[in-house]
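J.: Kindly return the folded structure for what I paste below:
(2 chains)
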Number of protein chains: 2
Amino acid sequence: MPSGSATFRAEQIELLTNLIHTKTTSKKFGNAIEKLIDLDNGEILEENLSTQQKAALREWRKDYLKAKKLPKKFVREFAKLCAQSLKPWTSAKQDNAFNRFAPFLERLVDKCREKAEILGYQDHPYDALLNEYEPGTTKKDITALFNVLKPPILDLVSKIASEPTINNKFLLGKFSANKQMEFIKVVMSAMGLNTSFDRLDFSSHPFSLALHPSDSRMTTRIHPKMLMESILSAIHEGGHSLYEMGLPQEHYGSPLCQHVSLGIHESQSRWWETLIGRSRPFWEHFFPIIKPLFSGKLKDVTLNTFYRGINKVEPGPIRIEADEVSYNLHIVVRFELEWLLMDGSLSIRDLPDAWNEKMQQYLGVTPKNNAEGCLQDIHWAFGLIGYFPTYTLGNLYASQFFSTFEEKFPSWGKSVAKGDLLFVKEWLNTNIHRHGKKYSASQLAKHVTGKTLSSQHFIDYLTAKYSEIYKM
Amino acid sequence: MPSGSATFRAEQIELLTNLIHTKTTSKKFGNAIEKLIDLDNGEILEENLSTQQKAALREWRKDYLKAKKLPKKFVREFAKLCAQSLKPWTSAKQDNAFNRFAPFLERLVDKCREKAEILGYQDHPYDALLNEYEPGTTKKDITALFNVLKPPILDLVSKIASEPTINNKFLLGKFSANKQMEFIKVVMSAMGLNTSFDRLDFSSHPFSLALHPSDSRMTTRIHPKMLMESILSAIHEGGHSLYEMGLPQEHYGSPLCQHVSLGIHESQSRWWETLIGRSRPFWEHFFPIIKPLFSGKLKDVTLNTFYRGINKVEPGPIRIEADEVSYNLHIVVRFELEWLLMDGSLSIRDLPDAWNEKMQQYLGVTPKNNAEGCLQDIHWAFGLIGYFPTYTLGNLYASQFFSTFEEKFPSWGKSVAKGDLLFVKEWLNTNIHRHGKKYSASQLAKHVTGKTLSSQHFIDYLTAKYSEIYKM
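T.: Residues are numbered from 1 along each chain as shown, chains lettered A, B, ... in the order given. Purely as a prediction, here's the structure:
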């Protein structure tokens, strides 16, 4: 979008945020739902409702009570501050000038703290923010999951570091954007995406945004030097898109046609990007298709070399370029800093150093500057504190769902190796997508897998996959 | 946009149309303006207002009274019908199956007639529709302008037909889309367009849409065989964009930051596309720039040959591919059929034949089928009856404005031949754009040129230009 109109867009966003808040907190809406559900205790007052209708009411009540807590003035100010913070962040990142963004981040953290106080929490202000993105999940829950996750991942990373390094030079260089797009379209079509209902463009940050289950817009980005960047981004966004397009459109406008949580959303994108898109069976089918497109680079590369290359583990400073094994350590860094910022234990001034220390501690890497350090992600500039943990939750949910999928389709690899991905999509449609918000994230995990969320499936998956790749 | 989501979009458009109608007819808005202006007779009730404020009130009152006349139900139904008609039109045009679109066109004409009755008119129901796009202009006005215009144009076309035909083969063939875009960007930048505030994309139909004076989006289309199609389309849309971006943004949200009429809007696009973009001075500067981009085709072409080639007069069946001379005859055909449809003198069933007869009468051309006949334009499918005459008004206003511009800059050609277009943009900014809706279209013509609108400047322009080109 044209940069010169950022101010105008900020005003529009402020206006829309306001209108949405006014509508969702209106007396009219409150009166309508309180005939059916007790606003105080959540008891359903009307017997003859379906399970789905009851679930929708439960969600509407929750959203209504939360929105009612937030004063109009606060909502407006917060939206405005976020809109104003984007430009300083962009410029600070570009010129490696943390101080340019610092005063905005200071205000953003203050506002988030204020928001937490308004919304309320039991143990820690961070819980109130987490609840925005992953309803019902607390800092304590995330800490527990990370406590189980960290040791085996750190162990895996250090073991891998002592193995011979994997060659992936054939993935680096200049690759035709048109040919990348051509290949991506083949993959997306196999995934069950359909250009009658979506479109894919290029942008500087990949994203997926569905306006309706029949209208999804996605972007990917062409990395100037890395072949897999655009392809895996597109598969990732395709996973998000399939989720949104698998929601039951007859319930459009109600929580039954909304995603459960960001963790569940991310489980869908990571499912496709990692469990499928970085798997050997996937490339058994697609490597012969991509190879002739980039024959200059891939001519002498075998499937096995390619598969190992795209799964090379190499901790680095940048989250979005991270491999599957070290990825969640980036989230640990952010999570541990965010709650320190939130409860005031860490000041903005000390953030860059604290970031670099954590990066050294968990990834053994020190960013060469703040641009590739604490300024790398856009999230905070959007006011999104408490959002990062949902990325790890996505990985955990995906692996846990996959274990159930694998029980049902023990030879899924054989089908995928033939290019058949539709049964995968259909399993997700049936087991995850069609429910909308009928279940909470933890209920859904229980419903699909019979168990509450744990880190174990993900650890098992990583250990098995990377022991094989690194022959350990 | 994805075709599969057309139904969803239709519902959204219906909803938005409804919301806009509700807001613009609200008691709150009515009460606010009636303190300042007498709703019955338009008398300003508050002395201490600027001319601009009075003009804004005059427009607000007009829009308010008009919107109040239209029942909510009618607005909703009309929006829905338009949304539903798009697909049948597309498919009818594609397969040359008029009958597929006919029942929708029937309903569209009925609805337009109903609209005219609701809005009211003095002489002819068509007046009420014209008034939507060109406020204050009637069928009688258009007829009078065409009566002056038709004889000299028909004369010019027939004289040209007896001259040796101009060679423009070098403009036909396959031209790299990237290079066309590259050239277009050079032209747009010279016109004073600025990518900080706009963007240009490709689409199947060129358009320009400004969300705000600081945010304009344009598209052009690459014709599979014709070089000038994308370039002239882009210059045309650039003219629309400059208008919208020249509106005074401090008045955003009020009529003072709105275009006067579609005729005035079109005068801005046609100004750039024809008076500048098809002029010899323009190509004196830009031909040496475009030539090396398409050296395969243009290597042996001289400036003079190129200039004559892009101005070749050759009546054909398709409006948007028409030359400057025969273009308005396409509008005559549509105008004369539209008002017959509106007053019931012509039935939908007889439309294809009537179209073909008029095409033969005015252009000496019979379309080979309805797809290139009465199905060619999208306007009716959007419910836009009474819109076409604004295209001719655009040409007339442009020529009349240009005559004043030429008095001020008698040697404009010398500057343009050096690639200087900014003084042209600035003249338009100062004389046309910055007024917004302060003046009506006819007041603006008088304000800028000292005269009311006539066909004469345009006739003089065409006659001089094409006598020279065809050496007559």
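J.: Who are the contact partners of the residue lying closest to A:Asn431 once chain neighbours are set aside?
T.: Counting by CB to CB, 6 or more residues apart in numbering or on different chains, the nearest residue to A:Asn431 once its immediate chain neighbours are dropped is A:Val448, at 5.2 Å. (C-beta placed from N, C-alpha, C; glycine too.) Counting by CB atoms under 8 Å, 6 or more residues apart in numbering or on different chains, A:Val448 makes contact with A:401, A:404, A:431-432.
J.: contacting residues for whichever residue of the stretch 251-400 of chain A sits closest to chain B?
T.: Using CB to the nearest CB, the point where the stretch 251-400 of chain A gets nearest to chain B is A:Tyr252, with a distance of 8.0 Å. By CB under 8 Å, 6+ apart, the contact list for A:Tyr252 reads A:212-213.
J.: Quick check on it: phi, psi?
T.: According to degrees, to the nearest 10, the main-chain angles of A:Tyr252 amount to phi -50, psi 130.
J.: what pLDDT does it get?
T.: In the prediction, the pLDDT value recorded for A:Tyr252 is 95.
J.: Check A:Ser196 too.
T.: Looking at A:Ser196, the pLDDT reads 95.
J.: okay, the residue nearest to it when sequence neighbours are not counted: pLDDT?
T.: Sequence neighbours aside, B:Gly4 is the residue nearest to A:Ser196 in space, at 3.8 Å (criterion: CB to CB, 6+ apart). On the pLDDT scale, B:Gly4 is placed at 91.
J.: so how many other residues sit close to the residue of the stretch 201-350 of chain A found nearest chain B?
T.: Among residues of the stretch 201-350 of chain A, the one nearest chain B by CB to the nearest CB turns out to be A:Asp215. It sits 3.4 Å away. Neighbourhood size, A:Asp215 [other CB atoms under 10 Å in any protein chain shown]: 22.
J.: confidence score at it?
T.: 96.
J.: Wait, A:Thr452 touches A:Gln443, no?
T.: No - when contacts are counted by CB atoms under 8 Å, A:Thr452 is not listed as touching A:Gln443 (9.4 Å).
J.: thinking again about what came up before, what about the contacts of A:Val448, which are in helices?
T.: When DSSP state H defines the helices, the subset of the contacts of A:Val448 inside them is A:401, A:404, A:431.
J.: Look up how far chain B lies from the residue nearest to the second one when sequence neighbours are not counted.
T.: What it means is A:Thr404. Residue nearest to A:Thr404 in three dimensions, not counting chain neighbours: A:Thr449, with 4.7 Å by CB to CB, 6+ apart. Counting by CB to the nearest CB, to the nearest Å, the separation of A:Thr449 from chain B is 33 Å.
J.: who's in contact with A:Thr449?
T.: With contacts defined as CB under 8 Å, 6+ apart, the neighbours of A:Thr449 are A:400-401, A:403-404.
J.: Export those residues to CSV and append columns for pLDDT and neighbour count.
T.: Written out in CSV, the entries for the contacts of A:Thr449 read as follows (pLDDT from 0 to 100; neighbours: other CB atoms under 10 Å in any protein chain shown):
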residue, pLDDT, neighbour count
A:Gln400, 98, 23
A:Phe401, 98, 24
A:Ser403, 98, 16
A:Thr404, 98, 17
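J.: Just give me the closest of those to chain B.
T.: When the contacts of A:Thr449 are ranked by distance to chain B (CB to the nearest CB), A:Phe401 comes first, at 27.5 Å.
J.: so where does the nearest residue to the closest one once chain neighbours are set aside fall, helix or strand?
T.: Computed as CB to CB, 6+ apart, the closest residue to A:Phe401 that is not its neighbour in sequence is A:Val448, at 5.8 Å. Using DSSP states H and E, A:Val448 falls within helix A:441-449.
J.: Could you give me the buried positions within that helix?
T.: By neighbour count on 16 or more other CB atoms under 10 Å in any protein chain shown, the buried set for helix A:441-449 is A:441-442, A:444-445, A:448-449.
J.: Contacts only, for A:Pro88.
T.: Contact criterion CB under 8 Å, 6+ apart gives A:100-101, A:104, A:381 as the residues in contact with A:Pro88.
J.: At which residues are the helices of the stretch 251-400 of chain A located?
T.: Remark: helices of the stretch 251-400 of chain A, listed N- to C-terminal, are A:262-270, A:280-290, A:295-298, A:303-310, A:324-342, A:351-363, A:389-408; assignment by DSSP state H, counting those that start in this stretch.
J.: May I see these arranged in JSON lines, with distance to B:Glu372 as well?
T.: Rendered in JSON lines, the data for these read as follows (distance: least, CB to CB, whole Å):
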{"stretch": "helix A:262-270", "distance to B:Glu372": "46"}
{"stretch": "helix A:280-290", "distance to B:Glu372": "41"}
{"stretch": "helix A:295-298", "distance to B:Glu372": "44"}
{"stretch": "helix A:303-310", "distance to B:Glu372": "51"}
{"stretch": "helix A:324-342", "distance to B:Glu372": "56"}
{"stretch": "helix A:351-363", "distance to B:Glu372": "64"}
{"stretch": "helix A:389-408", "distance to B:Glu372": "53"}
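J.: Which stretch among those helices approaches A:Asp201 most closely?
T.: Closest approach to A:Asp201 among those (CB to CB): helix A:262-270, 17.4 Å.
J.: check contacts around the residue nearest to A:Phe287 when sequence neighbours are not counted.
T.: On the basis of CB to CB, 6+ apart, the spatially nearest residue to A:Phe287 that is not a chain neighbour turns out to be A:Leu303, at 4.9 Å. Shown here is A:Leu303, whose contacts under the criterion CB under 8 Å, 6+ apart are A:280, A:283-284, A:287.
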